[in-house]
Structure formats: C-alpha cells, structure tokens
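Enquirer: predicted coordinates and the sequence they were generated for:
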Amino acid sequence: MKIILSTRILVVVCFALAFNAINQVKAQNASGEKATSLPYISKDIQFSNEDNSIKFGATLTIPDTLNNHQAVILVSGTGEQDRDGTMAGHKMFAAIADNLTRRGIAVLRVDDRGVGQTTGVYETSTTGDFAKDVMAFIRFLKSQKGIDPKDIGLIGHSEGGAVISIVTAQSNDVAFMISIAGLATDGLTALKKQNRDIVDASSLPSYDKGRSNDINELMFNTAYAYANSDSMEAKLNETYNKWKIKDDAYFKTLNVKFDHFRFPIYSYVKFASGPWYRYFIQYDPAKYLTKVKVPVLAINGDRDLMVACNENLENFRKYLTEAGNQDFKIVSVPGLNHLFQHCKLCTREEYESLNETFAPEVLDLMGNWILSHKRNK
C-alpha cells in the first residue's frame, strides 16, 4: 500500500501493501535453513514471457522424488515485492513455499516486475499486466520436469486474488485457486472500504476522521468517473478545490487552534492518473469469478483492515455460486491481520513487531486442501 503521512493525518492513495525496503534472501526458507540442508530441491531460475519483453527471476522448490507433483504459483499483492513476499520484515511466500513443498507440493515464487532478477517497470503496469505475467509463469512451469502440467494451481494474496481470478477465468491450465486475503469486490468499493477502515481505526480526532473520509470519498468517485478520460487530473483538482472551500469554512466552526489535516493532493493526483490506478478502480470481479469452475479456497483473516473479510468472502461465495461452481470453500479465520499474523491491535504499524510470519493453521488448511484435490491420488 502506498501511504502518505502528514503530521497527524494519514491518507492512503493505493490499495494493498507495498514496503520501500525489500530484502532479497536467496536459497533460504522461512526458518533460515540453507538450500543444501533442505529436504527438497530448491532452484533459482530465470525465464522469459512469450514475446521476451520481460525476464523473470524466480525460485522453484520441488519435493525430492521422481514423481510428477502438484504445483502452485504464488502471486503477490500490490507493491513491488521480491519472490519471498517480504513485507514488514516477514517472508510470507518463503514460509508458504517451504511448508507446502515439505508436504509434497512444488512451488514457484517470482520476483515482481522491476524487483530482484525480474526486468520490466512495475510503476507502469496494471493488474491486467500482472495476470499476463502469471500466464507466462504457468507456461514455464508446465514445461518443467517433476511437475504434473495438469495439476497446477494459483495462490494469490490481496490484489493477487484479483490477478488469479482473471487468469483462472481466462485459462484452461489452472487446476485450482486459493485466495488469501484476496480481492473479490470492485476496485472503487475496495478503495472506499479500505480507507474508511484504516481511518476509523486510527487515533485521529473524530472531526479529522470525518474530513478524511469525506475527501477520500469525493476523490475516489471522481477518479472512477473519469478513469478513461484525459481530463482526470483536472477533474480531481477541481473536486479538491471545491471541497477545500467547504472544509475551510467547516474547520472555522470547530474552534480548534491549529489545523494539522493535510490531503496530499499533488501526490494523489499524480498517482491516480497513472495506469495502475485507472485499471484498478474499474476492476469488476464479477466479470471473472462468475466464469471460474475449478476448485476454489478463499481465506481471509477477520481482523484485516486492508481487504475487508466479510464483504470479500461473501462476494466469492456469491460469484462462484453464480458460476455454478460445485467445489469451493470459504473460510474466515479469527484474530488474523492482512499478513495472516495473529494480532492484537491489528494495525499496519503492528506487522513488523509481531514474531509470527504466517499463521500455522492457515498453512495446514491450504496444504490439506491442495492435497485433497490432487489429480492423481
């Protein structure tokens, strides 16, 4: 999530999680074991997409047997992430890969565009572009020895849940999909809900919470209305200027000496006018999930401030039912934040201070579910 902070007001202008510090750790699992001591094969690899415009850096872990294995591809959420899914000092994808591979499931995890050994420019890419990348991941994985090409699934975190929904709806090569804190609401609704939840959970005074929610709502609506227009930037500035006049008059009625509230209008307009935001705010999960027929597991933590648990899980249920999907499971896990850590405050600021990388009960749930759907049991 791209976050802009002022003295006392927090304004979120993106969707999910991004962190400036990305720590690359190769040939290690979540426990810190070196690749030579792992009970499975771990290979750092490179491959390209179909037109060779992007080269991907990745790690493939395969159980150390001669069988053709079930396999999963891990798909990250918003913000440049390395193949280990490093966020707030925690290597989410490394932990998942280690756990699943020990269970006999091969795992491919890939550096995002512009990160580590992957080329390309993340900032000019969209959710749709990331879906095309995953198509390339599938093509590569199908060609690897030790992989059952007809038993490849996708695990997507946060925005990655939207990415795998697009891919699964469009590809016949996906055997199953797992959404972890994945998006199943439309982009505009998701932005509004996420920002309101974050603001309401903050320590801001009530009048600043109201002001923040008010301007966010106006700006999101304007961005959505002009997402395909060359005049978006002008309309966003116009919306802000009108609100500022009204807000200045309102603040005078509060009898508060200093106004610490600042909306980062320049940064927001610049970001919202870019390709990712224009695509994301128009994203409609119904276009894709209503076409998904393969087995689906959707899991959310009920203390997630970034992707609302109940709303997204209910949409998975709704759209998959409309698809006539006969094999899906919806799970709300108590006490977990967006990174699937057991939390106390469950704020974004708490992530780094928590010792847990990924809840073991969710690792068990995913592993058992994948194995129960193995094509050749």
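Expert: Sure, I can see it.

Enquirer: shouldn't Ser332 be within a strand?
Expert: Yes - under the criterion used here (DSSP: H, G, I helix; E, B strand; the rest coil), Ser332 sits inside a strand.

Enquirer: where along the stretch 251-377 of the chain do the helices fall?
Expert: Counting by DSSP state H, counting those that start in this stretch, the stretch 251-377 of the chain forms helices over residues 265-272, 275-281, 286-289, 309-322, 360-372, given from the N-terminal end onward.

Enquirer: could you chop the chain up by domain?
Expert: Using automatic domain parsing, the domains assigned to the chain come out as 35-186+283-372, 188-281.

Enquirer: export the ones you listed to TSV and append columns for mean pLDDT and mean neighbour count.
Expert: Quick note: C-beta positions are derived from backbone N, CA and C, even for glycine. As requested, the domains of the chain are exported to TSV (pLDDT from 0 to 100; neighbours: other Cβ atoms under 10 Å):
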stretch	mean pLDDT	mean neighbour count
domain 35-186+283-372	96	20
domain 188-281	95	16
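
Enquirer: rewinding a little: adding distance to Ala136, write the helices of the stretch 251-377 of the chain out as TSV.
Expert: Compiled in TSV, the helices of the stretch 251-377 of the chain are given as follows (distance: least, Cβ to Cβ, whole Å):
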stretch	distance to Ala136
helix 265-272	27
helix 275-281	19
helix 286-289	19
helix 309-322	26
helix 360-372	22
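
Enquirer: hang on, Asp46 in a strand?
Expert: Rather than Asp, residue 46 is Gln. Yes - the assignment for Gln46 by three-state DSSP puts it in a strand.

Enquirer: give the contact list for the nearest residue to Ile41 once chain neighbours are set aside.
Expert: Computed as Cβ to Cβ, 6 or more residues apart in numbering, the closest residue to Ile41 that is not its neighbour in sequence is Ile62, at 4.7 Å. For Ile62, the set of contacting residues under the criterion of Cβ atoms under 8 Å, 6 or more residues apart in numbering consists of 40-41, 43, 69, 101, 106, 144, 146-147.

Enquirer: could you redo the last one with a cut-off of 6 Å?
Expert: Each residue near Ile62 by Cβ atoms under 6 Å, 6 or more residues apart in numbering is listed here: 41, 106, 146.

Enquirer: with these in mind, which one is nearest to Pro295?
Expert: Closest to Pro295 out of the contacts of Ile62 is Ala106 (17.8 Å), distances taken as Cβ to Cβ.

Enquirer: dig out what that closest one forms beta bridges with.
Expert: Partner residues in beta bridges with Ala106, using DSSP bridges, are Ala71.

Enquirer: so where does the nearest residue to Leu305 once chain neighbours are set aside fall, helix or strand?
Expert: Counting by Cβ to Cβ, 6+ apart, Leu305 lies nearest to Asp197, which is 4.9 Å off, once chain neighbours are set aside. Following DSSP states H and E, one finds Asp197 within helix 187-200.

Enquirer: and that helix with helix 309-322, angle?
Expert: In terms of direction (axes from the mean of the first three to the mean of the last three Cα atoms, to 10 degrees), helix 187-200 departs from helix 309-322 by 160 degrees.

Enquirer: which other helices and strands does helix 187-200 contact?
Expert: Using 3 or more Cβ pairs under 6 Å, 6 or more residues apart in numbering; DSSP states H and E as the contact test, the elements touching helix 187-200 are helix 206-225, helix 275-281.
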